[in-house]
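Enquirer: Here you go, sequence then predicted model.
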Amino acid sequence: MPRIQVEIKARSLFQSPKIVSAALLIALSSVAAASEAQIGRCHQDVCSWRKQLSRELIGSSTGGALFRVTYLGGSGPDGGRRTAITWNRKPHDVFVFCSKKLPAVMLNDGGSLQVDALELSPSGSVPPVQYSAASVYLAVCHNTPGDDPQVAAKRFKYNLSAPELDALTPRLKAPEDVLKIL
């Protein structure tokens, strides 16, 4: 049932048949993507890896759609040798807000909310510390996990600056708050 909500809300968010079709495709492909390992950020020959276990639409507003995505994380070498990945014992939830105004990846970290508001812009670059968050965002919202964030920003018409994002993020105490402020 949430897949139908994704299509309806995407229509009001982006006013584009292409984006509505893409949102529906992403929603339908979430089951297929659940078993595929995706690479995150690599540093000194070690990469973070993730497998999507589930995706649920939490809610939507005129400003975007909020998803809870459950991942199993791991680490392993670069180069696609998926057999050498050491997977974590427990999955974790990540909240992704698909939005042109506040693209964000959030997680609860020891009682506080960590918000990675992504400065997606064709002329800027995502800081290395946010590469994994940008990859998660692009996978959930556009089904393009391996895209360069700058290229994706141009293709999907994002143009955000840090001051815009900084004005909104302090107001977030829980993932659902993003639906109230936008």
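Expert: Cool, got the structure. Since the model is a prediction, treat every value here as computed from it, not as a measurement. Numbers count the residues shown, from 1 in each chain.

Enquirer: helices or strands up against the longest strand seen in the chain?
Expert: Using DSSP state E to define each element, the chain has its longest strand at strand 46-61. Applying 3 or more CB pairs under 8 Å, 6 or more residues apart in numbering; DSSP states H and E, one finds that strand 46-61 makes contact with helix 2-14, helix 17-33, strand 37-43, strand 64-77, helix 131-142, helix 177-181. Using the backbone N, CA and C atoms, a C-beta is placed for each residue, glycine as well.

Enquirer: Out of these, name the one with the poorest average pLDDT.
Expert: Note on these: helix 2-14 shows the lowest mean pLDDT, a mean of 37.

Enquirer: ok, now which ones touch the most centrally placed residue in the chain?
Expert: Among the residues of the chain, Tyr137 comes closest to the average C-alpha position under CA atoms, centre = their mean, at 1.9 Å. Taking CB atoms under 8 Å, 6 or more residues apart in numbering, we find Tyr137 in contact with Val96, Cys98, Pro103, Ala104, Val105, Leu118.

Enquirer: now swap in Ser161 and tell me
Expert: Applying CB under 8 Å, 6+ apart to Ser161 gives the contacts Glu119, Ser121, Gly124.

Enquirer: what does Tyr158 give?
Expert: Tyr158 is in contact with Lys100, Pro103, Leu120, Ser121, Pro122, Ala152, counting by CB under 8 Å, 6+ apart.

Enquirer: try 10 Å this time
Expert: Residues near Tyr158 by CB atoms under 10 Å, 6 or more residues apart in numbering: 99-101, 103, 118-122, 124, 149-150, 152.

Enquirer: what about burial for the residues you listed, which qualify?
Expert: Among those, the ones that count as buried by 16 or more other CB atoms under 10 Å are Ser99, Lys100, Lys101, Pro103, Leu118, Glu119, Leu120, Ser121, Gly124, Pro149, Gln150, Ala152.

Enquirer: count of residues packed around the closest residue to Trp49 other than its chain neighbours?
Expert: Closest residue to Trp49 in three dimensions, ignoring its sequence neighbours and counting by CB to CB, 6 or more residues apart in numbering: Gly74, at 4.4 Å. For Gly74, the count of nearby residues is 18 (other CB atoms under 10 Å).

Enquirer: Ok, Trp49 next?
Expert: 22.
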